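Based on what follows, work out the 3D shape:
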Amino acid sequence: MLRIPYVPTAYPDETFGSLLTRLVLYNGTGLWRSLLEDSGYGRRTISPFYSMPVRDTRIDSLLSALGYSYQDMLRQLTSLPFWLAFNNATPLRHRIALPSDDGTGTRLFLVGKAYASVGARFCPACLVDDFDAFGEPYLHRHHQLPVALVCAKHGEWLRMTCKACGITVLPFNKTLLRSPALRCDCGKDLTTGSGPPCMRRQRLQRLSQFAESTLSCTSAPWTHSQIRTILQTKNNFKKSNFLSASLKLLERTYGPMERSPSGLEISFKPNAAEDIHLRLKVPASLQRAPEFCALLSATGLSFEEFRTAAKSALVTPISARVRPAPRPTTLAQARFEFNYFYEKSPGSAASKLQQKAPELYWLLRLKDSSWLEQRIQRSLWTIPSIEQDRARLWRALKVEHLSYHNMRRAGPLVRATIRDAIWLRDKLMRLQPKNVVDISAADIAQRNRAIALSRALFSVLRAEQKPLRIHAGLLSRFAKISMTQAQIAIANCPPLRHLIDAVNAGKNRRTAMWAARTLADAGHHPSASEVLLKAGLNTTKVNRDLALEAIASRIALRN
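Model prediction:
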């Protein structure tokens with residue numbers, strides 16, 4: 001791993017992307033590219049570090065050079081604590097799961113997909129304060145929270161765009177974030193305030209303060225039931241109209257809201273000058289940290305007051321549904337059930353037992369028919385033989401294709417379970433359908449495109465002179481399909497995607513080999529610098545090693 005001349009220390013409430021931006025600012029882009037190459041990202045594969053990167057060997061290597069572990073980075077430099085503060089109250093399928101030591105089991109992809117924005121938010125007053133305190137502005141974590149529309153400290157409207165030219169000042173893309181500046185590229189001063197605060201801004205500032213406090217939360221044992229109990233108690237909500245009362249509380253506190261066409265989301269844009277919305281989910285099954293923060297702050301609670309209330313919130317335990325024990329299939333139980341029906345209607349006791357509990361009726365008929373005849377005082381019709389039942393069952397299951405579920409109360413099947421269980425089990429196992437996957441025409445087309453793209457990949461490698469970066473557009477020309485079809489096929493075929501990534505990861509090595517071969521064929525004895533110049537590669541330690549390896553391989557072939 002490269003030695004970094006100066007590793008910056010994170011400022012209070014700084015984001016991970018902002019820290020990396022300052023790292024490049026202090027050490028230069030050359031070291032950053034070399035650091036990316038050493039970590040395994042490659043020169044052009046720059047991850048969007050403004051979000052929460054998923055754990056792999058590359059991010060572990062990069063963080064190790066900065067002196068962070070993956071868990072420390074998530075908790076100290078990202079908005080993850082905000083989501084974890086209400087993770088236990090979130091429905092199970094929407095809960096976040098941190099990766100284990102081996103990197104498996106992560107569910108970080110659930111964080112904030114529906115709340116994504118096009119750029120970083122900043123506070124005009126914080127730009128000035130940071131410049132005065134640290135000599136440079138930086139991005140704050142609590143400004144990037146999905147419920148933050150106002151700065152928690154200054155009460156200023158958060159901004160993403162320049163008021164003069166309208167461009168996004170710090171856009172989110174696949175490169176590093178720009179360093180925050182006091183002026184836009186158009187010359188407009190970005191530190192201009194929003195004027196005197198109004199009532200709505202004060203309420204939104206209280207919401208931002210509530211959300212900011214969650215970033216320091218390390219233990220969040222409260223459940224959805226406790227939060228609901230607090231909201232009902234503080235606002236006098238009734239259980240029957242909790243949802244409608246919650247929506248009215250939000251509109252009364254923050255202003256009128258627009259409902260999405262699906263009805264699952266509400267949003268409002270209090271600041272007409274900025275394209276920053278507050279989006280909240282409506283159904284309780286979709287509520288997460290943003291919704292809980294908005295409701296609790298609208299109730300008038302701070303985060304510390306909520307924590308105190310959660311400790312004393314009494315939740316009535318829901319008693320588990322007690323299922324009755326299964327009825328025993330014994331002769332004693334069969335006689336008991338028959339006598340129950342006999343007391344009510346002696347003449348129809350046998351037929352009622354056959355309707356309600358056919359397994360008990362046939363157990364009596366097969367095991368104690370004389371007792372039954374004595375009770376009803378008449379002879380019963382002859383029971384079909386085992387062979388007859390087998391023939392009827394086989395015809396129903398094999399020829400007529402009746403399901404076991406539909407026949408479970410039929411006489412032949414009930415009798416077979418009592419006196420011919422081994423034969424019945426054997427036949428049912430033979431008739432069990434094999435696991436046949438129904439492949440649609442679209443799946444077949446996708447598979448054929450993936451095969452065509454993999455063949456195109458090897459055709460490109462065989463035909464290329466100077467190695468090229470493999471991408472969907474290049475492969476689509478060789479496979480004679482559209483680029484959109486190629487992109488979809490690559491996205492839906494992980495083996496093909498991994499193959500393309502592996503080929504691109506070795507592009508510098510192949511380029512160095514090509515340069516060494518070209519120079520050797522021209523009669524030169526190239527040095528490492530000449531190989532790098534011919535290949536068009538930057539002079540880094542990794543690329544120099546590749547050039548020396550290429551020269552050594554040519555010498556070995558010549559000898």
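
Could I get the full set of strands for this structure?
Listed in chain order, the strands of the chain (DSSP state E) span 258-259, 265-268, 278-281.

So which of the ones you listed is the most surrounded?
Of all the strands of the chain, strand 278-281 has the most neighbours on average by mean count of other Cβ atoms under 10 Å, namely a mean of 21. For every residue, glycine as well, the C-beta is placed using N, CA and C.

pull the longest helix from the chain.
helix 441-463 (DSSP state H).

Mind listing the residues bridging to the nearest residue to residue 287 once chain neighbours are set aside?
Once flanking residues are discounted, residue 287 sits nearest to residue 281: 5.6 Å by Cβ to Cβ, 6 or more residues apart in numbering. When assigned by DSSP bridges, residue 281 has beta-bridge partners residue 265.

if I read this right, residue 524 contacts residue 530, doesn't it?
Yes - judged on Cβ atoms under 8 Å, residue 524 makes contact with residue 530 at a distance of 7.2 Å.

Of the two, give the one with the bigger neighbour count.
Taking other Cβ atoms under 10 Å, residue 524 and residue 530 do not tie; residue 530 has more neighbours (16 against 13).

which ones are touching the more buried one?
519, 524 (Cβ atoms under 8 Å, 6 or more residues apart in numbering).

Now with 7 Å, please.
Residues near residue 530 by Cβ atoms under 7 Å, 6 or more residues apart in numbering: residue 519.

quick one: low-confidence parts of the stretch 1-150 of the chain?
1, 43-50, 99-116 (pLDDT under 70).

in it, which spans are helices?
Counting by DSSP state H, counting those that start in this stretch, the stretch 1-150 of the chain has helices at residues 16-27, 29-39, 57-66, 70-77, 80-84, 124-134.

Against which helices or strands is the first one packed?
In terms of contacts (3 or more Cβ pairs under 7 Å, 6 or more residues apart in numbering; DSSP states H and E), helix 16-27 is packed against helix 70-77.

Could you rerun that using 8 Å?
helix 29-39, helix 70-77 (3 or more Cβ pairs under 8 Å, 6 or more residues apart in numbering; DSSP states H and E).

mind checking which helix or strand of this protein has the lowest mean pLDDT?
The helix or strand of the chain with the lowest confidence, counting by mean pLDDT, DSSP states H and E, is helix 421-431 at a mean of 80.

and that helix, which residues are buried?
Using 16 or more other Cβ atoms under 10 Å as the burial criterion, the residues of helix 421-431 that qualify are 424, 427.

Need phi/psi at residue 169.
Torsion angles at residue 169 (phi, psi; degrees, to the nearest 10) stand at phi -70, psi -50.

sorry, back to before: average model confidence for the longest helix of the chain?
Across helix 441-463, pLDDT averages out at 87.

pretty sure residue 504 contacts residue 474?
No - under the criterion of Cβ under 8 Å, residue 504 makes no contact with residue 474, lying 11.0 Å away.

List the contacts of residue 518.
Residues counted as contacts of residue 518 (Cβ under 8 Å, 6+ apart) are residue 534.

ok, it to residue 550 distance?
11 Å (Cβ to Cβ, to the nearest Å).

Which positions in stretch 546-559 come out as buried?
Neighbour-count burial for stretch 546-559 flags 546, 547, 550, 551, 554 (criterion: 16+ other Cβ under 10 Å).

Quick one: mean pLDDT for that stretch?
The average pLDDT for stretch 546-559 rounds to 82.

Need the contact partners of it.
Outside stretch 546-559, the residues that touch it by Cβ under 8 Å, 6+ apart are 508-509, 512-513, 515-517, 520, 526-529, 531-532, 535, 537.

Same question for stretch 417-426.
359, 362, 363, 366, 386, 389, 390, 393, 413, 416.

Now restrict those to buried residues only.
For these, a burial check counting by 16+ other Cβ under 10 Å picks out 359, 362, 363, 389, 390, 393, 413, 416.

Leaving out chain neighbours, which residue sits closest to the fifth one?
Counting by Cβ to Cβ, 6+ apart, residue 390 lies nearest to residue 423, which is 6.6 Å off, once chain neighbours are set aside.

Same check on the fourth one?
Leaving aside its chain neighbours, residue 389 sits nearest to residue 412 (4.3 Å; criterion: Cβ to Cβ, 6+ apart).

what about that neighbour, neighbour count?
When neighbours are counted by other Cβ under 10 Å, residue 412 comes out with 21.

my guess is it meets residue 391, correct?
No - using Cβ under 8 Å, residue 412 is not in contact with residue 391; the gap is 9.0 Å.

Tell me which stretches of the stretch 401-550 of the chain form helices.
Along the stretch 401-550 of the chain, counting by DSSP H, counting those that start in this stretch, helices occupy 411-419, 421-431, 441-463, 472-479, 483-491, 494-505, 507-521, 528-535, 541-558.

Make TSV from the ones you listed and add distance to residue 244 to it.
Listed next are the helices of the stretch 401-550 of the chain as TSV, based on distance: least, Cβ to Cβ, whole Å:
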stretch	distance to residue 244
helix 411-419	51
helix 421-431	52
helix 441-463	42
helix 472-479	48
helix 483-491	41
helix 494-505	45
helix 507-521	59
helix 528-535	67
helix 541-558	62
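
Tell me which residues touch the closest residue in space to residue 300 that isn't next to it in sequence, please.
Nearest non-adjacent residue to residue 300, counting by Cβ to Cβ, 6+ apart: residue 234, 7.4 Å away. Going by Cβ under 8 Å, 6+ apart, residue 234 touches 299, 300, 301, 309.
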